[in-house]
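Asker: Sequence below, structure please.
(2 chains)
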Amino acid sequence: ETGVTQTPRHLVMGMTNKKSLKCEQHLGHNAMYWYKQSAKKPLELMFVYSLEERVENNSVPSRFSPECPNSSHLFLHLHTLQPEDSALYLCASSQEASIATQYFGPGTRLTVL
Amino acid sequence: GNSVTQMEGPVTLSEEAFLTINCTYTATGYPSLFWYVQYPGEGLQLLLKATKADDKGSNKGFEATYRKETTSFHLEKGSVQVSDSAVYFCALRVGDQGGKLIFGQGTELSVKP
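Answerer: Now for the predicted structure:
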């Protein structure tokens, strides 16, 4: 595997379910990001992790809970989501949080019923 | 605040036509500017970037020049191909805000044979 991978690629869940999205980067980077891409809206930055510490939480509801156990892996834990949370969730990584180019994964298409 | 505005799509062109996708920005400080491309079913890929005024980014026949006087970073290509059909995102990053990328809403390009 090379680059940034995300699993699953598609996820359908009910509002009472708990699920997790996984991101893995194979680039040796030390910063990782979660973005939300909704139809007809700009990409929204959700979380930034640098050296496994969260450095930014962009006013994201607590039903989204990120976890970064090491510099290669990033999770987004989901619980009691709303239908408006349906979107494409993109993970990205970069060498450094502040200045380096970000590389994106293919995304997880989430549908909340 | 910082923001990016792109021309609305979809843009439909015939193969070998000239492409321009307009992008203007508002930023405090001195941003770096980016174009990302998202092919169907995939994540975002960096297309080109420019880090200071008058820089020209180029890649795969695409070009964009950082124009500070007009706060613009328009994307151009002299002769588009069907394989260029994708959604194009203009983005900026201000150094004092860490790794935060601010995206425009995206412009869908469809190239017909």
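Asker: Alongside chain B, which residues does chain A contribute?
Answerer: A:4, A:6, A:31, A:33, A:40-43, A:45, A:48, A:50, A:55-56, A:90, A:92, A:94, A:96-107 (CB under 8 Å from any CB of the partner chain). For the C-beta atoms, the positions are set from N, CA and C on the backbone; glycine is no exception.
Asker: Could you give me the PyMOL syntax to select whichever of these are buried?
Answerer: The following PyMOL line selects those of the residues of chain A next to chain B that are buried, judged by 16 or more other CB atoms under 10 Å in any protein chain shown:
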select buried, chain A and resi 4+6+31+33+42+43+45+48+50+56+90+92+94+97+98+102+103+104+105+106+107
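Asker: Tell me which of the residues of chain A next to chain B fall in strands.
Answerer: Among the residues of chain A next to chain B, the members falling in strands (DSSP state E) are A:4, A:6, A:31, A:33, A:45, A:48, A:50, A:55-56, A:90, A:92, A:94, A:103-104.
Asker: What ranges does chain B have for its strands?
Answerer: So, for chain B - with DSSP E - the strands run B:3-6, B:11-14, B:19-21, B:23-26, B:32-38, B:44-50, B:56-59, B:62-65, B:75-77, B:86-93, B:101-103, B:107-112.
Asker: Provide the contact partners of the worst-scoring helix or strand of chain A on mean pLDDT at residue level.
Answerer: Every helix and strand in chain A was compared by mean pLDDT, DSSP states H and E; the lowest is strand A:53-57, with a mean of 79. The contact list for strand A:53-57 (CB atoms under 8 Å, 6 or more residues apart in numbering or on different chains) reads A:45-49, A:66, A:68, A:97, B:98-100.
Asker: just the angle between it and strand A:44-50, please?
Answerer: 160 degrees (axes from the mean of the first three to the mean of the last three CA atoms, to 10 degrees).
Asker: Walk me through which strands strand A:53-57 pairs with, and which way each runs.
Answerer: Note on strand A:53-57: by DSSP bridges, its sheet partners are strand A:44-50 (antiparallel).
Asker: where does the strand it pairs with sit relative to the chain's centre, distance-wise?
Answerer: 8 Å (CA atoms, centre = their mean, to the nearest Å).
Asker: same check, this time on stretch A:43-50
Answerer: The answer for stretch A:43-50 is 8 Å, by CA atoms, centre = their mean.
Asker: ok, and what's touching that stretch?
Answerer: A:30-38, A:54-58, A:60, A:64, A:66, A:68, A:74, A:76, A:90, A:96-97, B:44, B:89, B:98-101, B:103.
Asker: again, only using 6 Å
Answerer: A:31-37, A:55-58, A:60, A:66, A:68, A:97, B:99-100, B:103 (CB atoms under 6 Å, 6 or more residues apart in numbering or on different chains).
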